[in-house]
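Asks: Sequence first, predicted model second:
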Amino acid sequence: MPQQFSRRELLAGAAGAIAATSLGASLRADTAMPSRKQLMLLFMSGGKSQFETWDPKPGAKTGGPFRAISTSIPGVQIGELLPHCAKIMHRLTVVRSVNSGIADHFQGHYALQSGRIATGYPVLGSAVAKLLERPDDVLPGYVSIRRDGPKAYTDVGDAGFLGAKYEGVRIVNNQPPANLIQPSAVSPALAEAVDRIRQSSDERFRLGREDGPIHGYGTTFHQARALMQRREIFDLSKEAPKDHERYGKHEFGQHCLLARRLLQSGVSCVKVTHFDWDAHQDNFYWHQIRCAEFDRTLVTLLDDLSEHGMLEHTLVVIVGEMGRTPQINNLGGRDHWGRCWSMALAGCGAKPGVVYGSTNDTGTEVKDNPVKLGDLFHTYLRALGIDSRMKYEINGQTNPVADPAAKPIDALLA
Amino acid sequence: MKSRRQTNAVVGLLLMAAMVSARFAEAADEAMPLHQQIDELIGKRLVELKVVPATVSSDAEFVRRVYLDLTGVIPTAKQARAFLDDSAPDKRQRLIDELLASPDHAIHMARVFDVMLIERRIPTITSYDVPAQKWREYLTGAFAENQPWDRMVRDVLSSDGTDERNAAGVKFYLVRDVAPHQLTRDVGRLFLGVDLQCAQCHDDPRIESYRQADYFGIYAFLQRMTAYRDNDKNVSLVGETAVGKTSFVSVFTAKGGETNPRLPGGEMVADPEVEKDKEYVVKPGPKERGVPTYSRRLKLAELLPRATTQGFSRNIVNRLWAMLMGRGLVHPLDLHHAGNPPSHPELLDRLERWLVEHQYDLRALLREMLLSQTYQRSSVLPEGVKELPDEAFAAAPLRGLSPEQLSWSLLQATGRIEQHFSQFAAKQKSDAAKPDDAPPAWTARATQLEPLERQTRPLITVFAGLPGQPDGDFQPVVDQALHLLNSPAMLPLLRDELSNLLKRLTAISEIEPLAEELYLSVLSRRPNADETAQVRELMESKKSPEERREPLTALIWGLLLSSEFRLNH
């Protein structure tokens, strides 16, 4: 992957690491605040086209058939497929100069989520779940909502060295996790006895042995109990019919509605995957369909979060794992493209009305302010009030929370 | 990303280590049995690391571990008891030999290699695949015959699905949609231990030895392949064309080149001259599967599985080591390169040469690893030590059971397997036996296991990782705990007529034999005093079978949910 670090960046990273506060202190800093900070990741799976969304090039040979339209920010235009977003552009933060250099779903998805190339690091949802955790939390810190389907690269990433507790809970097709209800044949007394026997067995087994795997396994049973007790947080029938209507009665709309409900219930981080942006054929047809869902639902969601007083403490990240090629192939599709693409932010900690970076006339190269996925990762954490230079201390091992060779982009931060 | 752990070695231990060091001063003597050489080379490094290893495993640790590693399932209570009560000094070696020769070992190896080579993939068109059962049978047969690894790889790579002898091997290609880029990556990862993925688009900036030309050298062997569907016969096959050059351009430097087929570190293989118009045995067409006169793919099958191919022997040695020891000598398994050196280079080299000298006899290599003290250590750390570095192989690691091991062990612990076979035996007695055309033992065994195999699948789905990704380190997640607590499949497994543990335990009224039968069945060991006391506390006042049912269920279930059951230790 083209992740060449300048000497200056390396030095800056190293200095930052030394200056960083310890994780423990910073973690406690937030707990006194009335509302916890939260993250919502809207993941455009497959990679949406920057040309048809945030960075239109009407008239260029790479530009495709759609027009650009004016927005609520004078002089800034976006693709005509996003008319609702255009009206609230002053509330969004858009980056047009992402250069990840990765044109592969798996790698792009991992690098986007972890802010690194090297494997084994926690993904954003897991990291935020850990970093924003409070001592009295019972719900899982990270939930991922998606539809059913074989596209494995869009699935929950893993918690890496943070361990099982921070692994995302998967919600497929808005169904609550399977097996949340105890079978009626199991009496509470039996369930209690089973758990007692399990725990006492673990207490004996851990004597003299490495604790990590034993502790990690035990944690999943505590999480299971907590989820069983509060399973109504997955019950969308408790939301008003007009909200179902407003969010849109399609998959993405309903998934966003559930995401809002989960955030309201106190889950730190929710990821919603919006599928089918990988338009190797009929790119323009597909983007019409995808953008129609995305555009209206996103604006509804932001309005709704705002009305509930949640947006000020909820960062919304809108991003895919890559962009799409300037070249239009002979099936009317755009292929994978990592060199030059766009993403957006809104809400907590993001500076509204910013359009950062730009690309050349044909959209083939970044013209100024190139942004790497590692930089975005730092930026997400900073927007959530987390010092991205700090380090995890886990099992006696120290690891920087974000890639020390990358840095937050101040211009995007409020 | 596992932590580098620290030891609290005290001065006394260091002194001991220094004494051991003198013994290991010389390199392993190659005349010694391989398992002794393994221990010497591991021991030498322990001294350098100043790490004192764990003691030898107890018989109970050993019997459970070796059954799991060789047959993929915990022993029955009867098997565990027989081993624990055996006083012969060579009982470990005898058990190893007995298990290695058993049909269950071949069946288990087929499961392990199925997951390793297929990585739980499904092709885009699900029906265009070799059925899982056919592929498993093919692998089981190969392991039952203890086919040399080079031959097994050659049979898979050369399969086009037409020759009955190795037709199932074409699955390797079909589950990857016969897509040359995916195949290039996986041939590199799975057979050579190198992941050249990044080198597809440019020389890998992180790994100096992964060059774009290497990637395209393998790609050139595979790029002429085509998928072929014969709807009349309902089979999917692979064909090949006789044309297609391989060129590449770096996305960084815009420099590129053209390449003929070439294995990493090897020579380019020029296509032989073929007379014009004689390029094909069968010319590809809408209804014809292309068969070229000269096949690059068959050339790959011929050249790759050889001792001279860089990484070929090392890769399989490292994978078998990881299967038994919890991590590779090179780790991750598909990242062999200069920047990620093996933890024990001399040992890896020795194992590699030994395997070549022994004509790729995997069973013999496994046997030597199993006989080593390194394999047979306890997972209990030495007194006063909290953690040991994983890469020292100083204690038995705590490994999660694979989804397959876990499923089968649940069936074993609850007595479902035993019950199944006793019903089977009863039925067979009534049927007239046909000794003349008796199939090999493993086919009979596999056929008998088939109904149980189906029962393992739902649980495997919950516990398996992502398709196309190797099964990684132990990462338990909450859906798995929810499954074990609340799945409608769990309670019947504990109480159903088809299992026999609850019935067996209900029939034992004395506390001590009851606790022993319970612990031997679920955890393959006898209970200690605390554990017997816990059983007594729950069971003592319960006399009628109805009263006993609930606390016994709790005991079985609670132990099935324990870390001790979930881990191979």
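Replies: Nice, I can see it.
Asks: Give me the local confidence score for the nearest residue to residue B:327 once chain neighbours are set aside.
Replies: The shortest distance from residue B:327 to any non-neighbouring residue, by CB to CB, 6 or more residues apart in numbering or on different chains, is to residue B:390 (5.7 Å). (Each C-beta comes from the backbone N, C-alpha and C, glycine too.) Reading off the confidence values, residue B:390 has pLDDT 89.
Asks: Let me know the secondary structure of residue B:314.
Replies: helix (DSSP: H, G, I helix; E, B strand; the rest coil).
Asks: ok, it - contacts?
Replies: By CB atoms under 8 Å, 6 or more residues apart in numbering or on different chains, the residues touching residue B:314 are B:193, B:330, B:336, B:348, B:352.
Asks: Now with 10 Å, please.
Replies: Neighbouring residues of residue B:314 by CB atoms under 10 Å, 6 or more residues apart in numbering or on different chains: B:192-193, B:329-330, B:336, B:342, B:348-349, B:351-352, B:355.
Asks: Can you show me the strands along chain B?
Replies: Taking DSSP state E, the strands of chain B run over residues B:225-230, B:235-240, B:246-249, B:256-259, B:280-282, B:291-292, B:399-400, B:567-568.
Asks: Same list, these, but as TSV with mean neighbour count and mean pLDDT please.
Replies: Below are the strands of chain B laid out as TSV (neighbours: other CB atoms under 10 Å in any protein chain shown; pLDDT from 0 to 100):
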stretch	mean neighbour count	mean pLDDT
strand B:225-230	17	93
strand B:235-240	20	95
strand B:246-249	16	78
strand B:256-259	14	81
strand B:280-282	13	95
strand B:291-292	20	96
strand B:399-400	22	96
strand B:567-568	22	98
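Asks: List just the one of those strands that sits closest to residue B:151.
Replies: strand B:235-240 (19.8 Å; CB to CB).
Asks: Which strands border that closest one, and is each parallel or antiparallel?
Replies: Here strand B:235-240 has these sheet partners by DSSP bridges: strand B:225-230 (antiparallel).
Asks: got the CA positions of the partner strand in PDB?
Replies: This file holds the C-alpha atoms of strand B:225-230, laid out as PDB (Å, rounded to 0.1, in the frame of the first residue of the first chain):
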ATOM      1  CA  MET B 225      -7.900 -20.900 -17.200                       C
ATOM      2  CA  THR B 226     -11.600 -20.800 -17.900                       C
ATOM      3  CA  ALA B 227     -14.700 -22.000 -16.000                       C
ATOM      4  CA  TYR B 228     -16.700 -24.500 -18.000                       C
ATOM      5  CA  ARG B 229     -20.300 -25.600 -17.100                       C
ATOM      6  CA  ASP B 230     -21.700 -28.800 -18.600                       C
END
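Asks: did I read that right, residue A:94 in a strand?
Replies: Yes - counting by three-state DSSP, residue A:94 is located in a strand.
Asks: isn't it right up against residue A:318?
Replies: Yes - between residue A:94 and residue A:318 there is a contact under CB atoms under 10 Å: 9.1 Å.
Asks: Spit out the residues that contact those two alike.
Replies: By CB under 10 Å, 6+ apart, residue A:94 and residue A:318 have these common neighbours: A:53-54, A:85, A:342-346.
Asks: Which of the residues you listed has the largest number of neighbours?
Replies: Counting neighbours by other CB atoms under 10 Å in any protein chain shown, residue A:53 leads these with 30 neighbours.
Asks: List the residues that contact that one.
Replies: A:44, A:66, A:78-79, A:81-82, A:85, A:94, A:277, A:287, A:290-291, A:294-295, A:318, A:320, A:323-324, A:341-344.
Asks: Which of the helices or strands spans it?
Replies: Using DSSP states H and E, residue A:53 maps to neither a helix nor a strand.
Asks: One more: residue A:316?
Replies: Assigned by DSSP H and E, residue A:316 falls within strand A:314-320.
Asks: Need the strands of chain B in JSON lines (columns: distance to residue B:539).
Replies: Shown next, in JSON lines, are the strands of chain B (distance: least, CB to CB, whole Å):
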{"stretch": "strand B:225-230", "distance to residue B:539": "61"}
{"stretch": "strand B:235-240", "distance to residue B:539": "57"}
{"stretch": "strand B:246-249", "distance to residue B:539": "70"}
{"stretch": "strand B:256-259", "distance to residue B:539": "72"}
{"stretch": "strand B:280-282", "distance to residue B:539": "72"}
{"stretch": "strand B:291-292", "distance to residue B:539": "70"}
{"stretch": "strand B:399-400", "distance to residue B:539": "31"}
{"stretch": "strand B:567-568", "distance to residue B:539": "27"}
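Asks: Ok, which of the ones you listed comes nearest residue A:357?
Replies: Once the strands of chain B are compared by CB to CB, strand B:246-249 is nearest, at 26.7 Å.
Asks: does any part of the closest one sit near chain A?
Replies: No - Strand B:246-249 lies apart from chain A when judged by CB under 10 Å from any CB of the partner chain; the minimum separation is 13.8 Å.
Asks: which strands and helices sit next to that strand?
Replies: The elements that strand B:246-249 packs onto, with contact taken as 3 or more CB pairs under 10 Å, 6 or more residues apart in numbering or on different chains; DSSP states H and E, are helix B:212-222, strand B:256-259.
Asks: Kindly provide the distance from residue A:290 to residue A:45.
Replies: Distance of residue A:290 to residue A:45, given as CB to CB, to the nearest Å: 10 Å.
Asks: list the residues that contact both of those two?
Replies: By CB under 10 Å, 6+ apart, the residues touching both residue A:290 and residue A:45 are A:274-277.
Asks: Just confirm residue B:179 contacts residue B:238, I think it does.
Replies: No - look at residue B:179 against residue B:238 with CB under 10 Å: they stay out of range, at 11.4 Å.
Asks: Can you check which residues contact both of those two?
Replies: Contact criterion CB under 10 Å, 6+ apart; residues shared by residue B:179 and residue B:238: B:173, B:225, B:227.
Asks: so how many other residues sit close to the first one?
Replies: Using other CB under 10 Å, residue B:173 is surrounded by 28 other residues.
Asks: wait, what's in contact with residue 292?
Replies: Going with chain A. Contacts for residue A:292 (CB under 10 Å, 6+ apart) come out as A:81-84, A:248, A:250.
Asks: You answered for a different chain; I wanted chain B.
Replies: Residue B:292 neighbours (CB under 10 Å, 6+ apart): B:224, B:239-243, B:271, B:274, B:279-284, B:298.
Asks: For chain A, which residue gets nearest to chain B?
Replies: Nearest to chain B, among the residues of chain A, is residue A:197, at 2.5 Å (CB to the nearest CB).
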